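K.L.:
generate a structure from the sequence data that follows.
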Amino acid sequence: MEAMRLRHMTVAKASTSALGADLPRAAGTRRAVASAAGALVRSARLVPQLGILGGGPSRGWRCRGMSSDGEGSSVGGLDPQLEEEVPREQRPVIELASIRDSPLSSWANLEPQSLMRKLGTVWIASFALSAPVVAASYSPQHDTLEFLLSTCLAATAAQTIVLLRLHTTWSYVAKRLMSPAIEYEETGWYDGQVWVKPPEVLDRDRLLGTYEVKPTLEKLKLFLGGTSGGLAALVLALFLVNTSVSPRDSRIVAPRRTESGIVYSRDIRDLSVLKQSDEAAAQEAAAQKGRPGYCGDEYFRALAGGSARSCDKFN
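P.N.:
Sure thing, here's the model as predicted:
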């Protein structure tokens, strides 16, 4: 019995020493697992808000721990010390919060129907503002088609500029969110630095870029393609209308610009000749068909300071 008891004690001591040798290795494994699980949990905090498990991105979500102006002790549940090297206003996630709350840039986050209403308002306002300017070159009464095409062209161009501004702003933020390293300025343009994102920050930024910014950019590209196509169609239509010669204009000799002004007669080389010769003046008047010289062409009319209405009485 005594021998059996001694044998059991020896086996117990050996097992205890083996377990003690494995404890540091097990503790290290537990720490590694806990660290990986912590990173996954921090990233997963954004998942319900992004709508990954709910069938798609939800509108109006925000990073946990960040208010509407980007303030908070942590952004997306991360330790704020991870990003303290970069000035707050130059952090990609803060830049995203800034454009999300901007009066103009926030349009990109609207539903397509709401964005269409905003762009429609821009088009109508631009049409109303450009109509008086276009009327100085094209008479609404006699050049109705040219007037409408030019005014629509100006309105569509303003609409396209707004979309380009939105796309450029969101593309810049998307690039900084998806990049593993970003440039920032400590105090000014002369001391730029490059900051490599920690893994936790990179995971959070790429979640934001993938599930919020990229869908917004795709929507803006769709709208931008539509307005660009309309702009190209209007330019082509206006070119074709201007190059077509109407019966009324075919009776008017094309004007020429000389050093001294605009002349119509092919035999007149300088306006000073008209002051010296009554015959040359009569020839020039006959070539103009009784209309002022600048009325035959929109460019020369604008160059002379005339308007479309001032030439209507000669038609």
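
K.L.:
surely Ala155 is in contact with Ser126?
P.N.:
Yes. Counting by CB atoms under 8 Å, Ser126 is a contact partner of Ala155 at 4.0 Å. Just so you know, the C-beta spots here come from the backbone N, C-alpha and C atoms, and that holds for glycine as well.

K.L.:
now for this structure, the helix or strand with the poorest mean pLDDT.
P.N.:
Ranked by mean pLDDT, DSSP states H and E, the helix or strand of the chain with the weakest confidence is helix 47-50, at a mean of 41.

K.L.:
quick one: contacts for Cys118?
P.N.:
Quick fix: residue 118 is Lys, not Cys. Shown in contact with Lys118 (CB atoms under 8 Å, 6 or more residues apart in numbering): Trp107, Leu110.

K.L.:
same thing with Val173?
P.N.:
Applying CB under 8 Å, 6+ apart to Val173 gives the contacts Pro92, Glu95, Leu96, Ile99, Val213.

K.L.:
now swap in Ile124 and tell me
P.N.:
With the criterion set at CB under 8 Å, 6+ apart, Ile124 makes contact with Ala155.

K.L.:
all strands of the stretch 51-200 of the chain, in order?
P.N.:
181-185, 192-196 (DSSP state E, counting those that start in this stretch).

K.L.:
may I see these organised as a markdown table, with distance to Trp170 and mean pLDDT added?
P.N.:
Below are the strands of the stretch 51-200 of the chain laid out as a markdown table (distance: least, CB to CB, whole Å; pLDDT from 0 to 100):
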| stretch | distance to Trp170 | mean pLDDT |
| --- | --- | --- |
| strand 181-185 | 16 | 92 |
| strand 192-196 | 22 | 90 |
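
K.L.:
tell me which of these sits most buried.
P.N.:
strand 181-185 (a mean of 14; mean count of other CB atoms under 10 Å).

K.L.:
what are the pairing partners of it, and which direction each?
P.N.:
Taking DSSP bridges as the criterion, strand 181-185 forms sheet pairs with strand 192-196 (antiparallel).

K.L.:
ok, back up a step: in helices, which of the contacts of Val173 appear?
P.N.:
Pro92, Glu95, Leu96, Ile99 (DSSP state H).

K.L.:
neighbours of Asn109, how many?
P.N.:
21 (other CB atoms under 10 Å).

K.L.:
surely it and Thr216 touch.
P.N.:
Yes. Using CB under 8 Å, Asn109 is in contact with Thr216, at 6.3 Å.
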